[in-house]
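Asks: From the sequence below, what's the structure:
(4 chains)
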2 protein chains.
Amino acid sequence: MTTDDRPIPSVWARPSRGRREQPALSRQQIVAEAVRLLDAEGVDALSMRKLGTRLGAGATSLYRHVANKDELVELAVDEVFGELRAPDMSDPAHWREATIACAQGIRAVILRHPWMASMLGAMAYLGPNLMRLSEDMLAMLEAAGFPLAEANGAMNTVFAYVLGMTGSEAAWLTMLARSGQSEDEWAERLKPAFEDLHRTHPRLSALFTAQADEDPGRRREEEFAYGLNRILDGVSAARTTPA
Amino acid sequence: MTTDDRPIPSVWARPSRGRREQPALSRQQIVAEAVRLLDAEGVDALSMRKLGTRLGAGATSLYRHVANKDELVELAVDEVFGELRAPDMSDPAHWREATIACAQGIRAVILRHPWMASMLGAMAYLGPNLMRLSEDMLAMLEAAGFPLAEANGAMNTVFAYVLGMTGSEAAWLTMLARSGQSEDEWAERLKPAFEDLHRTHPRLSALFTAQADEDPGRRREEEFAYGLNRILDGVSAARTTPA
DNA sequence: CCAGTTAGCGAACACTGTACGCATCGCCGG
DNA sequence: CCGGCGATGCGTACAGTGTTCGCTAACTGG
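Replies: The predicted structure follows:
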């Protein structure tokens, strides 16, 4: 137990177990493990060495399958977007429900992998999985009576909203998680500064107190749905065949 | 010239120039220089040592005025949001124009400092400058006939949209800048893959070709304005006194 | 004029991403 | 059967990172 774990250069003890017990490393495996590491320990914990160790490999071995850390992250982002299954877009009459389902799907994916928020602002994402989703949404909106240009505008608007809203949400949640405090503890900690807030920012203060005894998760869901519905209201006028 | 730049421990050559020629270092100065460095060289180039050198100081001196690099970045973000002057919100009848002006102001600020995009997804921003702006916008929307809760929903929706849209925009632009290519060169480079795109994603392909000979900057401006107007359309129904 | 507070700094530590070259493996043509 | 070959993993090394810890030297209040 103590003799053979030291790398003694002896011909007899040479392991010689073929490297091909497993295919050892593959791009898919690396990306999947990277996603797992990011989910578990957050964006700062992703280092090539740690990822290598998790895969039972040296750090630099990863570079045989991935050019950069940046490329690895790009692949991880696309991998996560691959979780998205396009919702049922068969019935054009339900374009609103389908769009809402799609938006909530994206939101759920980002909240499941909060590190995505940090990435999306730092890279122009053009991966195949999101392109497929875009094409499907365009087709659905066109079938629902939107001219292509309007469909594009509507989709971009919805998508930007989802990104912005969910990005802030994810950032807030990871900040909470990192500080190890609950949402209520945070509110409690702000109580002292509240007197000033009420004086200088009465409206913000009123909103805070009004939201104090709601379930935060539920409240965020409803706020997300509220804005989304207003956007769909505004967008629906662009249809050529109203309903 | 070659003799006195070596730190010889001689009492005679002791510099003795009072450290207080300038107040040396201050938090304001550090943050301002950090913003300048971020603007000039991008987010990866911000390191404590480089920033210190720029200020004619050692790297670790900064820690007397700033707790962390993270805190420094937080301060830099708030500093930049300080550029925002709340637009004229005196006339409640022009709430739409005022909101548009505010949104375009935020967009302009982020595009002027594209590194902001990477930060906003990675931190929950609660700085005083944005809080002031939020309070002003709430006041304006309330004066325009929105109940406070609806004003809050509208503001959050608009703000999420601006963040998402402009964030993607900034990410794309910094990617272009880093690759040193122009937008047209990028389109040219994608020409080979275009045949496939047309086959598998006909709608996206159609949109690309339709946008090929527009000025990209103008096009982005218009897309931004389009979505913003749809959102304001959808939101305006929540006013109690319609107009 | 002296004590105490404080700003700045040099050195050091634990890590990071990544380039390079070497060892080793499965395979494949002769 | 076997020798070379391309692919794969990895040890080492390098330049650079954020941050801590004492040390010096200046300013400031009594």
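Asks: Let me see the contact set for A:Glu222.
Replies: By CB atoms under 8 Å, 6 or more residues apart in numbering or on different chains, A:Glu222 lies in contact with nothing. Using the backbone N, CA and C atoms, a C-beta is placed for each residue, glycine as well.
Asks: Is any residue of the top helix by length along chain A near chain B?
Replies: The longest helix of chain A (DSSP state H) is helix A:148-179. Yes - for helix A:148-179 and chain B, the contact criterion (CB under 8 Å from any CB of the partner chain) is met by A:148-149, A:151-154, A:156-157, A:159-165, A:167-168, A:170-172, A:175.
Asks: quick one: contacts of the lowest-mean-pLDDT helix or strand in chain A?
Replies: Within chain A, judged by mean pLDDT, DSSP states H and E, the helix or strand with the poorest mean is helix A:183-190; its value is a mean of 84. Contact with helix A:183-190 is made by A:Leu176, A:Ser179, A:Gln181, A:Phe208, A:Ala212, A:Pro216, as judged by CB under 8 Å, 6+ apart.
Asks: try 7 Å
Replies: Counting by CB atoms under 7 Å, 6 or more residues apart in numbering or on different chains, the neighbours of helix A:183-190 from elsewhere in the structure are A:Leu176, A:Ala212, A:Pro216.
Asks: Name the helix or strand for A:Glu74, please.
Replies: Using DSSP states H and E, A:Glu74 sits in helix A:69-81.
Asks: ok so, going back, please produce a markdown table containing the contacts of helix A:183-190, extended by neighbour count.
Replies: As requested, these are arranged in a markdown table below (neighbours: other CB atoms under 10 Å in any protein chain shown):
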| residue | neighbour count |
| --- | --- |
| A:Leu176 | 16 |
| A:Ala212 | 10 |
| A:Pro216 | 17 |
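Asks: Would you quantify the distance from the residue nearest the centre of chain A to B:Glu183?
Replies: In chain A, the residue lying closest to the centroid (CA atoms, centre = their mean) is A:Ile110, at 2.5 Å. For A:Ile110, the distance to B:Glu183 (CB to CB, to the nearest Å) stands at 28 Å.
Asks: Over to A:Ala122?
Replies: 19 Å.
Asks: neighbour-wise, which of the two wins?
Replies: Taking neighbours as other CB atoms under 10 Å in any protein chain shown, A:Ala122 and B:Glu183 compare with A:Ala122 leading, 23 against 14.
Asks: Secondary structure class of that one, three-state.
Replies: For A:Ala122, the secondary structure call by DSSP: H, G, I helix; E, B strand; the rest coil comes out as coil.
Asks: Identify the residue nearest A:Tyr161 in space, chain neighbours excluded?
Replies: The shortest distance from A:Tyr161 to any residue other than its chain neighbours is 4.8 Å, reached at B:Tyr161 (CB to CB, 6 or more residues apart in numbering or on different chains).
Asks: show me what contacts that neighbour?
Replies: Listed by CB under 7 Å, 6+ apart, the contact partners of B:Tyr161 are A:Thr157, A:Ala160, A:Tyr161, A:Gly164, B:Gly227, B:Leu228, B:Ile231.
Asks: how about 8 Å then?
Replies: For B:Tyr161, the residues meeting the contact criterion (CB under 8 Å, 6+ apart) are A:Thr157, A:Ala160, A:Tyr161, A:Gly164, A:Ile231, B:Ala103, B:Gly227, B:Leu228, B:Ile231.
Asks: which among those residues gets closest to A:Thr60?
Replies: Of all these, A:Gly164 has the smallest distance to A:Thr60: 38.0 Å, by CB to CB.
Asks: Check the gap between the closest one and DNA strand D for me.
Replies: Going from A:Gly164 to DNA strand D by CB to the nearest atom of the strand, to the nearest Å gives 27 Å.
Asks: picking that back up, which SSE is the residue nearest to the centre of chain A in?
Replies: Taking DSSP H and E as the criterion, the element that holds A:Ile110 is helix A:95-112.
Asks: where are the low-confidence patches of chain A?
Replies: Counting by pLDDT under 70, chain A contains low-confidence residues at A:1-23, A:241-243.
Asks: and it, which of its residues are near DNA strand D?
Replies: If contacts are counted using CB under 7 Å from any atom of the strand, the residues of chain A sitting beside DNA strand D are A:19, A:23-25, A:52, A:56-61, A:63-65.
Asks: let's see it at 10 Å
Replies: On the criterion CB under 10 Å from any atom of the strand, DNA strand D has as its neighbours in chain A the residues A:7, A:19-20, A:22-27, A:29-30, A:48-49, A:52-53, A:55-65.
Asks: show me what contacts A:Gly121?
Replies: A:Gly167, B:Ala117, B:Ser118, B:Met119, B:Leu120, B:Gly121, B:Ala122, B:Gly167, B:Ala170, B:Ala171.
Asks: next structured bit after the one helix or strand A:Glu195 maps to?
Replies: For A:Glu195, the enclosing helix or strand under DSSP H and E is helix A:194-200. Scanning forward in sequence from helix A:194-200, with DSSP H and E defining helices and strands, the next element found is helix A:202-210.
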